[in-house]
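Participant: For reference, the sequence and a predicted model appear below.
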Amino acid sequence: MIDQIGEAGIVPVVALHDADAACALADALCEGGLPCAEITLRTEAALDSIRALAGRDNFLLGAGTVHGVDQAKAAVDAGARFIVAPGFNPRTVSWCIENQVPVFPGIATPSDLEMALEHGLEVLKFFPAEALGGVKTLKALSAPYHTLRFIPTGGIGPGNLLAYLQLPCVLACGGSWMVKPELLASGAWDEVTRLTAEALALARG
């Protein structure tokens with residue numbers, strides 16, 4: 001799964017308010033060349049959206065904005081194949097490890113990275129990336145923690161995507177510019193496909 005994420009280079013971070021739109025969203029992402037999505041648990045439609053996409057072959061489906069073990073369980077039961085959290089919750093991380101569910105908790109400091117090493121993790125979310133100093137901070141963190149890789153998320157778009165992906169410590173970037181809420185709300189699937197294809201082309205240089 002980590003190889004799949006690394007090959008994609010981008011993880012669309014999606015907040016869906018209508019589970020009926022989940023399949024159309026996945027179709028648009030796939031048509032743009034990116035069969036992957038992190039459905040955030042920020043909306044009431046999130047779990048139903050995950051259920052709607054869970055049976056899709058060759059679509060890498062995760063749950064994001066996971067706060068606590070109960071949400072992680074609910075997301076996995078709904079069909080999520082990986083868990084993403086904005087911060088480092090040791091109980092959530094431990095539950096995921098015990099249940100063999102890939103988990104990418106958010107980190108911001110060296111202390112967070114020490115906890116990650118203690119739990120045996122290798123890939124972490126760096127969030128909120130731009131607010132924390134972006135590429136410059138990631139370079140500094142990766143020097144003493146060179147065995148770890150990151151999925152920076154927060155404030156990333158076409159203008160700075162490549163700067164992150166060029167860092168050896170970056171596995172992929174999380175982003176929402178190709179799945180903006182207004183695009184999803186209006187059903188602008190062609191635009192989602194176009195932006196996704198452009199983002200993928202940029203990521204691959």
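Facilitator: Yep, it's here.

Participant: so how far is the first residue of stretch 174-186 from its last?
Facilitator: End-to-end distance of stretch 174-186 (C-alpha to C-alpha, to the nearest Å): 23 Å.

Participant: got the buried residues for it?
Facilitator: Residues of stretch 174-186 classed as buried: Gly174, Gly175, Ser176, Trp177, Met178, Val179, Lys180, Leu183, Leu184 (neighbour count, 16 or more other C-beta atoms under 10 Å). No exception for glycine: its C-beta is placed from N, CA and C like everyone else's.

Participant: Which member of those residues is positioned nearest Asp48?
Facilitator: The nearest member of these to Asp48, counting by C-beta to C-beta, is Leu184 at 14.5 Å.

Participant: ok, the closest one - contacts?
Facilitator: Leu184 is in contact with Val14, Ala15, Leu16, His17, Asp18, Ala21, Leu25, Val192, counting by C-beta atoms under 8 Å, 6 or more residues apart in numbering.

Participant: Figure out the helix or strand that it lives in.
Facilitator: helix 181-186 (DSSP states H and E).

Participant: name the element Asp48 belongs to?
Facilitator: When the helices and strands are read off by DSSP H and E, the one containing Asp48 is helix 46-53.

Participant: Residues contacting the helix or strand just after that helix, please?
Facilitator: Next helix or strand after helix 46-53 toward the C-terminus (DSSP H and E): strand 60-64. Residues outside strand 60-64 that contact it (C-beta under 8 Å, 6+ apart) are 1, 4-5, 8, 11, 13, 35-41, 46, 50, 53-54, 71-72, 75-76, 78-85, 174.

Participant: tell me the mean pLDDT over strand 60-64?
Facilitator: Taken as a whole, strand 60-64 has an average pLDDT of 98.

Participant: moving C-terminal of that strand, what's the next helix or strand?
Facilitator: Proceeding N to C from strand 60-64, the next assigned helix or strand is helix 69-78, under DSSP H and E.

Participant: and the longest helix seen in the chain, what other elements does it pack with?
Facilitator: Ranked by residue count under DSSP state H, the longest helix found in the chain is helix 189-203. Of the remaining helices and strands, those touching helix 189-203 by 3 or more C-beta pairs under 8 Å, 6 or more residues apart in numbering; DSSP states H and E are strand 10-14, helix 22-31, helix 161-165, helix 181-186.
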